[in-house]
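Using only what follows, build the 3D model:
(4 chains, ligands or ions: 6)
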Amino acid sequence: MTAVGRPPANGNGALAKADFQSDQETRWCPGCGDYAILSAVQGFMPELGIPPERIVFMTGIGCAGRFAYYMDTYGMHGIHGRAPALATGLATTRPDLSIWIVTGDGDALSIGGNHLIHALRRNVPVKILLFNNQIYGLTKGQASPTSERGKITKSTPFGSHDRPFNPLALALGAEATFVARSLDRDRAHLAEVLRAAAAHEGTAFVEIYQNCPVFNDGAFFELTERDTREASQIRLVHGEPIRFGVDRAHGVARGADGDLQLVDVADVGEDALLVHDAHREDPSLAFALSRLADRPTEPTPIGIFRAVERPLHGAAAAASDSAPRTVADTTMLDALLHAGDTWTVA
Amino acid sequence: MTAVGRPPANGNGALAKADFQSDQETRWCPGCGDYAILSAVQGFMPELGIPPERIVFMTGIGCAGRFAYYMDTYGMHGIHGRAPALATGLATTRPDLSIWIVTGDGDALSIGGNHLIHALRRNVPVKILLFNNQIYGLTKGQASPTSERGKITKSTPFGSHDRPFNPLALALGAEATFVARSLDRDRAHLAEVLRAAAAHEGTAFVEIYQNCPVFNDGAFFELTERDTREASQIRLVHGEPIRFGVDRAHGVARGADGDLQLVDVADVGEDALLVHDAHREDPSLAFALSRLADRPTEPTPIGIFRAVERPLHGAAAAASDSAPRTVADTTMLDALLHAGDTWTVA
Amino acid sequence: MGKTVEQRERVVVRFAGDSGDGMQLVGGRFTDATALLGNDLATLPDFPAEIRAPAGTIPGVSAFQIHFASRDILTPGDTPNVLVAMNPAALKANLATLERGATIIANEDAFTKRNLEKAGYHANPLEDGTLSDFRLHRVPMTTLTTRAAEGLDGVGTRDAGRAKNLFALGLLSWLYGRPTEVTERWIEAKFANKPASRAANLAAFRAGWSFGETTELLDVQYRVAPATDVAPGTYRQVNGTTATALGLLAASARSGLPLLLASYPITPASELLHELSRHAGAGVRTIQAEDEIAAAGMALGAAFGGHLGVTATSGPGMDLKAETIGLAAMLELPLVVIDVQRAGPSTGMPTKTEQSDLLQALHGRHGESPLPVLAAATPGDCFEAAFEAARLAVEYRTPVILLSDGFLSNSSEPWRIPDVTTLPEIDPAFAPGRVGAESREPFMPYTRDARGVRPWAPPGTPGVAHRIGGLEKEDGTGNISYDPANHATMTRLRAERIAHIQRELPALAVDADDGAELLVLGWGSSYGSIRAAARRVRDRGLKVALAHLRHLDPLPPNVGALLRAYPRVLVPEMNSGQLAQLLRAHFLVDVHSHTKITGQPLFAAELEAAMVEAME
Amino acid sequence: MGKTVEQRERVVVRFAGDSGDGMQLVGGRFTDATALLGNDLATLPDFPAEIRAPAGTIPGVSAFQIHFASRDILTPGDTPNVLVAMNPAALKANLATLERGATIIANEDAFTKRNLEKAGYHANPLEDGTLSDFRLHRVPMTTLTTRAAEGLDGVGTRDAGRAKNLFALGLLSWLYGRPTEVTERWIEAKFANKPASRAANLAAFRAGWSFGETTELLDVQYRVAPATDVAPGTYRQVNGTTATALGLLAASARSGLPLLLASYPITPASELLHELSRHAGAGVRTIQAEDEIAAAGMALGAAFGGHLGVTATSGPGMDLKAETIGLAAMLELPLVVIDVQRAGPSTGMPTKTEQSDLLQALHGRHGESPLPVLAAATPGDCFEAAFEAARLAVEYRTPVILLSDGFLSNSSEPWRIPDVTTLPEIDPAFAPGRVGAESREPFMPYTRDARGVRPWAPPGTPGVAHRIGGLEKEDGTGNISYDPANHATMTRLRAERIAHIQRELPALAVDADDGAELLVLGWGSSYGSIRAAARRVRDRGLKVALAHLRHLDPLPPNVGALLRAYPRVLVPEMNSGQLAQLLRAHFLVDVHSHTKITGQPLFAAELEAAMVEAME
Ligand SMILES: Cc1ncc(C[n+]2csc(CCOP(=O)(O)OP(=O)(O)O)c2C)c(N)n1
Ligand SMILES: Cc1ncc(C[n+]2csc(CCOP(=O)(O)OP(=O)(O)O)c2C)c(N)n1
Ligand code: SF4
Ligand code: SF4
Ligand SMILES: [Mg+2]
Ligand SMILES: [Mg+2]
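Ligands and ions are numbered 1, 2, ... in the order given. Take a look at the predicted model:
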C-alpha cells in the first residue's frame, strides 16, 4: 500500500477525514455495511488528534479484514483470527501507539475466540471493532457463531442447529472492561461509541451490527430502519433510567425474581425503571442487559454496557522494571554475561 | 493400556469401583488432589449403571490429563487443549456413549479456550471436569489463566500481572447449560455434583478446585480445611434460600442496586435472602452468583449454579436426516452416483 | 438464406462478463447441452477474487471457459477460439489470452463511456482498431434482449436486462448447434414459480438463437461431432469437489463406516463441506468446526469411535492441522485429510491454484511421523483418489493426506460412473469383543499383524476397553514407555507400516513411445496438460514417455527403475520443484524441473515447449 | 593414616537418587567447584519424566552426570567411572550404563526391604553378588548425616535426613580433591535465613569430607589436574538455555532493538521463558501467551513495531506456529523462532532429546516460504547461534528458525565469555521518516536493496505509513495483486533474498587429517560426540575429516564441493536421516546415515564404531 502526503507529524488537530483515506479502491459489495462503518471511522479519526502514523489498524481475514487497506494509517492484514495476538505483541512493546483491531464474527468468535477472550482478560490497550453480520461473508455465506439457530446457509442446508454466541455476554464473561454495541446505519451513535472506546484505557470491545446485503440481508433492519428502529432500539445512557420505544413508553426494570424485564412505563412508573450504570465494578448488571434480547429482531440494547478502568496488560511489568525501559548498553550487557561464578584462564 | 476383566456388558448394576480402576500405577505427586478426585470418580461410576466399555474419558495434556490412564474405561489422552474437539467428534457420531472430559486450568482455559466455549455453545453431550489448581503442574509451575494477580511463578518472577478468568463466568458467557463447582477434598459434595452432571443431557461444566501441593499448595484451604470451610463455603441448593457460615448466620441477598451481596441473616431476616434457582432460563442470576467471590480465599459459592436443558448439538441434524442414521447401501450409493443429468455411450 | 456449416474437431469458448452478468450460469448450461450432445469436454470457471468487486471493473470480471471436441480432450484449453465479452472489462481482462484470428462476440450495448472508463479504456476498442487482428462481431445484446421481452406480461425492463446472458447462450448454442430442449427445460424448472423471469429468460434464449439464425452478421455455423473415442458407459459431469464427495461416500458405503466430515470453511475447500452437508440422508454427518484444529480433532474423535473421519481444508488450514495429524499418526487411527491446494504462501491468492504443499504434506509435522500422501489427477479422478485415501486410512490405521487443488475442485469433465459392485470392499477389521474369562486377559492395542497394523477397537466393544494417547508407548501393551530401545522400535514400526503400503501398490504405468529418451513424470492436476502437451509433441513425430504419480509416499515400487531407464527425466510442477527434490533425494537421479508459480494451471503449449527443449 | 593419591586425566561421575534426594543440586555444586578448579567439564542432568513419580521407584530416579578432565572434553561421557546411588532404584536404573570395574558408592541405609521392593529387587544387590564386577563402597550416609547433625540446635532428624545429599557431595569432593570453600559459601548464602538447614547441610558436607579422609573404606584419592589446553579468557558455566538467553540479549544490545519473548510453556523450551523473564531490567519483555499461535503472533506484532520479536517452543508448538511463520515470510519481517527439539512424534517423550524437526523447519508450512534454518552445536554455542539467528532475521527481514534440543538446553559446559565490543553490530536500517513534499511521494514498502531486502518502517515513522498483509502483493508498491506474472516474480524474489544469505556465509570449515577418505558431516547437538568419537578414531591411527553445519538453509557455499571431495560421507543424526535426505537432494551425493532415535544423545563409542565401519 502506498502512503499519501500528510501534515507533519506534530499531532496537531488540523487533521481531516481525507488524511485517513488510503489510495486503495474499496472492494466491498455494493451496499455493504462496511462502507458506512469505514466512513464513520475515517470521519471520527481526526478527533483523536493523533497523527496517522501513530495509529495502527490490525485486522484478521474476512470482508471486515479488508478494512486495514482503506485506512491511511499503519496497518496489518494478518491471518484469520489472530489479530488480537498480533496486536497484543505490538501494544505491549509500543504503548505510544493507538491500536485498533477490526474483525468479523467468524474471525473474532470462531477461529479467533481464544485470542479474543485472553486479550479481554489481560486488558490489553487496544480497541476491538467486531463487525457482526451474523454470516461468513468473504467465504461466500456459511453460518457463523452468531448466526441464529435454524439458519439455512451453504454449510447448513438443513438449518444451523447450534445456539449462537451473544458476543457481549461472552466478552463480559471474559472480564472485559469496556463493552459496547452500535449500528452500521447510525453514524452518530457509532461515532459516540467510538469516542468512548478511544477514551477507554484498556481493551475496548465494540460490537457493530453490520448488514451483509449479499449473504444475510436485513439481519438488523429491525434496529436500523426508520419504521421499526424507534420501537426496538434500547439506547443505554449511563446514569439515566432505561426507556425506549415509541414515545419512550417502555422501559427496563427488575422483576420480582430479580431478572430484568421490559415494562410499560405507564404501568410501573418512571421510578421503577432501572437506572443504567456502566461504571459498576460488578459486571452482572451489564451481563443481564446483554441477555435482554436473544436476537436483534426484538427490542435490543445498544450503547455502552460497561466501562470500568483496570490495570493494563504490561503496566505491572513496566512498573517492575528495575531499570527504565531500555536496551542493555555495553556495560549492562557485559555485566549480564559475567553474572554468577566466573574464573579466568591466563 | 491393558484392560482387565469385567462382567459381560449387559449394563447390569453389579459394577463396583474396582471395575473402573485400570492396572496402571498412578503417577501423581504424593498428596496431589488428583488422587482424591480419581477415587471419587471411580467410586461414583458404578451408579451410572453403564458398562465401562460404553464410557469414554478424553483428556488433554497436564497432570490432570493423566486421568484417562487410570480409568478402566475407554480413554484417549489427546493433545493439549483439544479434548473438547476430539470429544465433539466422538459425541456427534456415538450418542450411545457416556463421554467425560478431564482437563486442567491451562488445558481448558489457556490453549483450549476456544474449543471449550464452542463445546458449551453447541451443548455437546459431554461432561467436562476442569481440575483447577490455579497453576501449570506438569510443566513445573508457571502461571495459569486462573492464577491470581501478583502470583510469583517461574514465568512471572515479578508477579503475574494479568487478571485471571473466573471459569464459571466464562462458561456462562459462552451459553453453558450446566455449570457447577466442587472441591477435591469434599468427596460427598463432589459425588453429588457428578451425579447431577451425569443426569444433565447437554454439556456439563464442572470446575473442581484441586490442590497442587508441589507448586501451589493450599490455594483452596480456606474452602476445604476444617477450621475455615464452614465459614467460607456458600453451598447452593436449588429452591432454598442461600445461607452459609458458622451457624448459617450469613446469607446472600440482592442489594438496593440489584447487585448480590453477603448479609447477616440476623439483620435482614431469612425472607430477604435470595432463593437459589438453578433452572432459570436467563443465566444472569447464575452469573451474578459466580461473581460473588473474586478468589477462593473469601466466602465462595459451590454446587450447581445453573442446570437448564436445551437442544443438543447434532440432535437437529439427526432430526433432519431424510433417512434413518445409516450408511448408504449399494442401491443408495448407485443413486447418488447417478444424480443429475447423465448420458450413456454405447 | 442458408448458412455454410463447417466442421471443427475442437473448440474453446470463453464466456466473460461482470460478476453480476451470470457467466457461470451460462457456462454451466452450455456445458450440459454439450455433454448431452456427446462431445468430450473440459471446463474451467474463473471467479474474481473479490466477493463482488465494483461492477464493470477488471477485478469484477467473471469468466467460464469450455473446451469441447469430437475426440477425447484433456484440458479446458490454453487459448479460446471464441471470446464472448459482455462488457469492456471482460474484453480487456481476456484479450491477452487470445491468439490472432480468434473470434470475439461483444455486447456492444455495454461499451458505454462509463464502462470503458471503469475498464481503463480511453477509446472504444470496438472502434479504434484495437481488435483488427480478430474476427469481431458486435451484437447489441441488451437492446435485443429487452426488445425480445417487451410486452411479456409482468416482465419489467430490469428482468429483461438481466436475461442478456441467456441471449448470449442462445446465440452460442446456435453457433455450435447445441441442443436447445435441455436448456429450455432447465429454464422452465429453475423459474417455475417466477413466471416473469421464466418468460424473460426463455425469450432471451430464443432471441439469441434466432439472431444467429437470421442475421447476416454470422455467416458460418460450426458443428463439433460427438466424440467417438469414448469408452462405453453411463456418464455424468463432475467437478473435483463432487467427485471427491462421491469417492468418500463410496468409501463409506463399501466399508460400512458412517462418514463424518468436520471442516472449517476456506476457499477453495469449502465446497466439499457444502456438498457433503446435503447428504445427511446417506448417514453423512458434517460439522462446521470453530477452526481447523477443531475440525481435525473432531474427525479424529469420530475415527476413535469407529467412523470414517474426514477433514478438508486448504494451505493455511493444513498448518493448523499438523499437530492433530501427528497425534493420529501416534494413535494409529484412520484419518483422511484433504488439502485443496491454493496459491501460497500465507493467505497468498486464495482463488488461484498451485501445487506447493507437497513437501509440507510429507514433512509438515514435528518428529518422525510418516504417513501416506496421495494426489488426484483430474476432476473425475478425485473419486478414485478419495476412495483410495479412505481405504488406506482404514486398512492401515493411519492419517492419509490427499492433495487436490483449486483447479481440480472447480473444473469439470464428463465422468464415467463406476459400477458400485465393482468397487473394492474396505475392511475395517474391528477387534472382536471379549466376554468372560477371555476378557480377563490383557488386551494389547499395539500388537501388529503381518502388515504391521494394530487392532482397532472402538468404544462400545466389550472386554477390550483400553487407553491410548500421544506419549510414546510400549510395543504391544501400549503402556507409556520412555525406554530408549522401545522408542527406536516404535519409530521403526510406525515407518515400516507405512512403507509396507508400497508392496501392494501397482507398478507405475508408463505410456511410452518405444525409443523415447525423455520421461515426463508428473503428479496431481497437471495430468491433463501433460497429456495434451505430449499429444502435440507426438503429432510433431517426436517420442516421449509419460508417467503420473497418484502415490507420492510411499512411491510405487518401480519409480527408481523407471527414472534410471530414461536418459532424461522432466518433472513439471506448479511449485518450485518439490517432487523433483523428493525424487533426487530418493534415487539420486538428476531430474529436470519445469516449474510455474503463477496461480494458473500449466498450459499444454508451454509444456510442449519444455518437452521439446528437454529433448534437444 | 595417609592415603595414596592417583592422577586421572578424565573422570565421569554420576549422582543418582530419588527425585526428592536433591541430586541436581549436588551435581550443580560439584560442577561449580570443578569449574573453579580449572578442569574442563561437561554435564548432563537426567530428570524423571513424571512430575514426581512415587518415591523410591525407577520412574522417580533423578540423576546428574559430570565429565571433567585435565584436557578439553566434548561430552558428558558415555559411561560413568563412579556411580553414587542414593537408593536401590537409582542403582538399578543406572547399573546398565556402567562398565565392569567401575566404582559404586551406595547409601546402604536406603537399601531397606521396602525400597528394594519398590525398585523391583527381590534380594539386596549389595549382598547377593550382583555387583561383584564393580568396586562397591557401602556407606551408611543417612545414619552418618543424622549423627553429624545431632545436637545442632533447631535441627530435627528430618532436616538431618534431607541433608544426606550434601554428605555425598562432601565425600565425592574429598575423593576428587574439589575445593570446599565455594560449596560452603554457597550453603551459607542459600540457607542464610534458615539457620537449622544451614547448620545441618554444612555438618553433612563436612561429615562427608571427613568420612573420606578418615575411614579405611576408601583407600585412594584421585586428582584431576586443571586443564592446560584451554584458551585464555574469563569463563563461566552455561547450559544451552542460559547461552541462548544471553545470545538474544547480546543481539538486542548490538541492534538497539528491545527484546520481546512471547512463549507458551513446554518442556524443554520453558526454561528460556523463565530465564528471560528475569531480565526486565535489560528492557526485555516476556509474555506467557495463551498458546503457541498467540506467542508467535505476539512476537511478530512486536517485530512489526520495530522490536526484536522472539518465540520459543518445542515440537508440538512448532506445528502450531507454522501459519504465523508463513505470514512473517510473506510480510518479510524479522522473527526469531527457537525450536528446542524433543523426542516425537506427537507428545512423544517430552524430557528426551532428538533432532527430528529439521525437515519440518525447512518445509513445515504451506506454499513456497523459504527461510533460514540454523542449529546450535554445544551449550555454549547457543550464544553465537542465537545471536546469528537474530542478526539474519533483522538484516534480512525474515523469520529464522533456530534448532536447539533438550540435550543442549539442559547440559552445561564452561564457556569463554566474549568481549562484547567485538560482537558485530546489527543494523536494523529502519526506513527514514519523511515530511512535507517528500512525504507526498508514494512510499514503496516492497522495493528491494541489492540483497533483495525491503525497507522496515515501524509505526510511528512519519510520512511512510503503509499497510501489509498475507495476500500476495505487487512488487514494489505492496498493493494486493493477483497478477500471474507478479506472483511468479514475488515468489522468486522471496527465495532469492534467502538464497542471498549464502553469499555472506563463510565456507564450511573442515578438520581433516590429510589423506582422510571419510568425511563425517554433522549438525546440531551431536557436535561433541562426533568430536569425541573422532578423537578415539584418530588415537587408533585412523584418518578422518570432520565438518559441522550451523547453517542448514541456506547451506554454506562449499558444501557440495566438500561432499564430492571425499569418497565416503557419514552423516550422524538423532533422527531417521533428515539432513542426509537434504544433502542427497541438493548434491546427488550418496551420503551414508548413522541414525539413532532413542531419545538419548549420540554416544562417542557408537559413533567411533560407525566411523571405523564406514572406513572399511
Ligand atoms: C486459517 C484460515 N482458515 C480459514 C480461512 C478462510 N476464511 C477467510 S475469512 C473467513 C470468515 C469470514 O467471516 P467473518 O469473520 O464473519 O468476516 P466477514 O467476511 O463476514 O466480514 C474464513 C473462514 C482463512 N483465510 N484462514
Ligand atoms: C501444544 C502444547 N503446548 C504446550 C505443552 C506443554 N504443556 C503440557 S501440560 C501444560 C499445562 C498444564 O497445566 P494445566 O492444564 O493447568 O494442568 P495441570 O498440570 O495443572 O493439571 C503445558 C503447557 C504441550 N504438551 N503441548
Ligand atoms: S459479502 Fe457481505 S460483508 Fe462481504 S463485502 Fe459483500 S456485502 Fe459486505
Ligand atoms: S505437580 Fe501438582 S498437580 Fe501435578 S501431580 Fe504434582 S501435585 Fe499434582
Ligand atoms: Mg461475518
Ligand atoms: Mg493446572
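
Ends of stretch C:416-429, what's the gap?
Stretch C:416-429 stretches 31 Å from its first residue to its last (CA to CA, to the nearest Å).

for the chain, where's the lowest mean pLDDT among helices and strands?
All of this refers to chain A. Least confident helix or strand, chain A: helix A:315-320 with a mean of 53, by mean pLDDT, DSSP states H and E.

That was the other one, I meant chain C.
Lowest mean among helices/strands of chain C [mean pLDDT, DSSP H and E]: helix C:157-162, a mean of 80.

That helix: what's the following helix or strand?
helix C:164-175 (DSSP states H and E).

low-confidence ranges in chain A?
A:1-13, A:315-326 (pLDDT under 70).

how about the strands in it?
For chain A, the strands defined by DSSP state E occupy A:55-59, A:74-77, A:98-104, A:127-132, A:178-183, A:204-209, A:233-236, A:243-244, A:250-254, A:260-264, A:300-307, A:342-345.

Restrict the third one to CA atoms and write it as CSV.
Yep, that's strand A:98-104 we're talking about. The C-alpha trace of strand A:98-104 is given here as CSV (Å, rounded to 0.1, in the frame of the first residue of the first chain):
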residue,chain,number,x,y,z
SER,A,98,-3.2,3.9,19.2
ILE,A,99,-4.1,0.4,18.1
TRP,A,100,-7.4,-0.6,16.6
ILE,A,101,-8.5,-4.2,15.7
VAL,A,102,-11.1,-4.7,13.0
THR,A,103,-12.6,-8.2,13.0
GLY,A,104,-15.6,-10.2,11.9
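
quick one, strands of the stretch 251-400 of chain C?
C:259-263, C:285-288, C:308-313, C:335-341, C:373-375, C:399-405 (DSSP state E, counting those that start in this stretch).

Which stretch among the ones you listed is buried most, on average?
Of all the strands of the stretch 251-400 of chain C, strand C:308-313 has the most neighbours on average by mean count of other CB atoms under 10 Å in any protein chain shown, namely a mean of 31. From N, CA and C alone the C-beta is placed, and that goes for glycine too.

Rounded mean pLDDT for that one, please.
The average pLDDT within strand C:308-313 is 98.

helices and strands around the helix or strand C:R236 falls within, which ones?
Assessed by DSSP H and E, C:R236 sits inside strand C:233-239. For strand C:233-239, the packing partners by 3 or more CB pairs under 8 Å, 6 or more residues apart in numbering or on different chains; DSSP states H and E come out as strand B:342-345, helix C:23-37, helix C:406-410, strand C:412-416.

Show me which positions of stretch C:20-38 end up buried.
For stretch C:20-38, the neighbour count (16 or more other CB atoms under 10 Å in any protein chain shown) marks C:20-38 as buried.

Can you tell me the closest non-neighbouring residue to residue 235?
The chain I'm using is chain A. In space, and not counting its chain neighbours, A:R235 is closest to A:G303: 5.4 Å by CB to CB, 6 or more residues apart in numbering or on different chains.

um, chain C though
Nearest-residue entry for C:Y235: C:P414, 4.7 Å, with adjacent residues in sequence omitted and distances by CB to CB, 6+ apart.

Could you identify the longest helix within chain A?
Under DSSP state H, the helix in chain A containing the largest number of residues is helix A:33-48.

what's the angle from that one to strand A:204-209?
Going by axes from the mean of the first three to the mean of the last three CA atoms, to 10 degrees, helix A:33-48 is angled at 150 degrees with respect to strand A:204-209.

for helix A:33-48, packing partners?
Against helix A:33-48 (3+ CB pairs under 8 Å, 6+ apart) you get helix A:67-70, strand A:127-132, helix A:187-199.

Who does the closest residue to C:L276 other than its chain neighbours form a beta bridge with?
Leaving aside its sequence neighbours, C:L276 sits nearest to C:L261 (CB to CB, 6+ apart; 4.8 Å). Taking DSSP bridges as the rule, C:L261 bridges to C:T286, C:V310.

And the pLDDT for C:L261?
At C:L261, pLDDT is 98.

how far does stretch C:328-337 stretch from start to finish?
11 Å.

and chain A, which residues reach ligand 5?
Neighbours of ligand 5 within chain A, by CB under 5 Å from the ion: A:104-105, A:133.

Neighbour count for these - can I get that in JSON lines?
Formatted as JSON lines, the residues of chain A next to ligand 5 follow (neighbours: other CB atoms under 10 Å in any protein chain shown):
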{"residue": "A:G104", "neighbour count": "32"}
{"residue": "A:D105", "neighbour count": "26"}
{"residue": "A:N133", "neighbour count": "31"}
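
Nearest to ligand 4 among these?
A:D105 (37.3 Å; CB to the nearest ligand atom).

how deep is the residue of the stretch 201-346 of chain A at minimum distance from ligand 6 tucked in, by neighbour count?
Closest to ligand 6 within the stretch 201-346 of chain A is A:H313: 21.3 Å, counting by CB to the ion. Counted with other CB atoms under 10 Å in any protein chain shown, the neighbours of A:H313 add up to 23.

same check, this time on C:G129
C:G129: 9 surrounding residues under other CB under 10 Å.

roughly how far apart are it and D:G27?
Distance, C:G129 to D:G27, by CB to CB, to the nearest Å: 88 Å.

Not counting its neighbours along the chain, what's nearest the residue of the stretch 201-346 of chain A closest to ligand 6?
Once flanking residues are discounted, A:H313 sits nearest to A:R122: 3.8 Å by CB to CB, 6+ apart.

now swap in A:R82 and tell me
D:G297 (4.7 Å).

for C:G433, same thing?
That would be C:P462: by CB to CB, 6+ apart, it lies 4.2 Å from C:G433.

where does the one you found land on pLDDT?
Confidence score, pLDDT, at C:P462: 97.

In a helix, it, correct?
No - C:P462 sits outside any helix when classified using DSSP: H, G, I helix; E, B strand; the rest coil, being coil.

What is the burial count for it?
A count of nearby residues for C:P462, using other CB under 10 Å, gives 21.

is chain B contacted by the helix or strand that contains C:H500?
Following DSSP H and E, one finds C:H500 within helix C:484-504. No - counting by CB under 8 Å from any CB of the partner chain, chain B is not contacted by helix C:484-504; separation bottoms out at 15.3 Å.

which of the residues in that helix are buried?
For helix C:484-504, a neighbour-count test (16+ other CB under 10 Å) marks C:484, C:486-492, C:494-495, C:497-498, C:501 as buried.

State the mean pLDDT of it.
Average pLDDT, helix C:484-504: 98.

Moving C-terminal from it, which element do we reach first?
Per DSSP H and E, the first helix or strand lying C-terminal to helix C:484-504 is strand C:511-512.

So which residues make contact with that next one?
Strand C:511-512 has contacts (CB atoms under 8 Å, 6 or more residues apart in numbering or on different chains) with C:519, C:534, C:544-547.

What about the residues you listed, which are in strands?
C:519, C:545-547.

Let's have those residues in JSON lines, adding distance to ligand 1, neighbour count and pLDDT.
Output for the ones in strands among the contacts of strand C:511-512, formatted as JSON lines (distance: CB to the nearest ligand atom, whole Å; neighbours: other CB atoms under 10 Å in any protein chain shown; pLDDT from 0 to 100):
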{"residue": "C:L519", "distance to ligand 1": "38", "neighbour count": "23", "pLDDT": "98"}
{"residue": "C:A545", "distance to ligand 1": "40", "neighbour count": "22", "pLDDT": "98"}
{"residue": "C:L546", "distance to ligand 1": "36", "neighbour count": "22", "pLDDT": "98"}
{"residue": "C:A547", "distance to ligand 1": "35", "neighbour count": "22", "pLDDT": "98"}
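
List just the nearest of those residues to D:L505.
Nearest to D:L505 among the ones in strands among the contacts of strand C:511-512, counting by CB to CB, is C:L519 at 35.9 Å.

burial measure for C:V612, as a count.
Using other CB under 10 Å, C:V612 has 16 neighbouring residues.

ok, the residue nearest to it when sequence neighbours are not counted - contacts?
Using CB to CB, 6+ apart and skipping residues adjacent in sequence, the residue nearest C:V612 is C:V537, 6.4 Å away. The neighbourhood of C:V537, defined by CB under 8 Å, 6+ apart, consists of C:544, C:608, C:611-612.
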